[in-house]
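In: how does the following fold in three dimensions:
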Amino acid sequence: MKKSFIFIILLSFTVLAFLQSCKKDNNDQQTPAEYIATDASFAGFMSWSLDATNQGADPALGGAHAGNDSTVTRKVYFKNGQSLVNGSYPVGTIIVKHSDNPAQSVNEFTAMVKRGNNFNAAGGDWEWFMLNSDGSIAVDATSGMAMRGANLMNGMCIGCHQGASSKDYVYSK
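Out: Okay, the predicted model is just below:
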């Protein structure tokens, strides 16, 4: 009887150990090494966390984001309300800025995505985008190329955002 009891206990521990070793790891919460945005990445951006609204001319912007237009409104959306974590944004952070004015002469959608994997080391691993109003990545009419990259618009995006390098290249938060 004693041997049967010990055998059952040992068998139980063996089965539990086997089941535990077969358990699937839950790595869903880990930050990916690289995030490559697609059109779907920006879908529904106007329902994301609206983290900044700025109105009027902003001399610091120059011509970017209609910075010289006194009637423009700039809204900045953060997917999942993402904030800095230990001084930088996590890989996969997505930010969209919509600039428009009442006359509809300005209706611009721009975005930045923390791509990671040393994609753009000089620019904090951010990738810059021009978007269509539906959130799809805009295509240059001349070249047929998607309007995205580390040096989008001949480096204009990174050239300006370097001024916010202490906040991981983000001005609005």
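In: quick check: bridge partners of the closest residue to residue 137 other than its chain neighbours?
Out: Of all residues beyond its chain neighbours, the one nearest residue 137 is residue 146 (4.9 Å), with distances taken as Cβ to Cβ, 6 or more residues apart in numbering. No exception for glycine: its C-beta is placed from N, CA and C like everyone else's. Beta-bridge partners for residue 146, by DSSP bridges, are residue 139.
In: relative to residue 36, how far out is residue 146?
Out: Distance of residue 146 to residue 36, given as Cβ to Cβ, to the nearest Å: 12 Å.
In: for residue 60, same thing?
Out: Taking Cβ to Cβ, one finds residue 60 at 31 Å from residue 36.
In: higher neighbour count, those two?
Out: Between residue 60 and residue 36, counted using other Cβ atoms under 10 Å, the more crowded position is residue 36 (14 against 10).
In: report the contact partners of the more buried one.
Out: For residue 36, the contact set (Cβ atoms under 8 Å, 6 or more residues apart in numbering) comprises residue 115.
In: make 16 the first number, not 1, from now on.
Out: From this message on, residue numbering opens at 16, which makes the last subject residue 51.
In: now do it, the pLDDT please.
Out: On pLDDT, residue 51 comes in at 98.
In: neighbours of the closest residue to residue 82 other than its chain neighbours, how many?
Out: Nearest non-adjacent residue to residue 82, counting by Cβ to Cβ, 6+ apart: residue 76, 2.5 Å away. When neighbours are defined as other Cβ under 10 Å, residue 76 has 18 of them.
In: for the chain, where's the lowest mean pLDDT among helices and strands?
Out: helix 17-37 (a mean of 54; mean pLDDT, DSSP states H and E).
In: surely residue 118 and residue 86 touch.
Out: Yes: with contact defined as Cβ atoms under 8 Å, residue 118 counts as touching residue 86 (6.8 Å).
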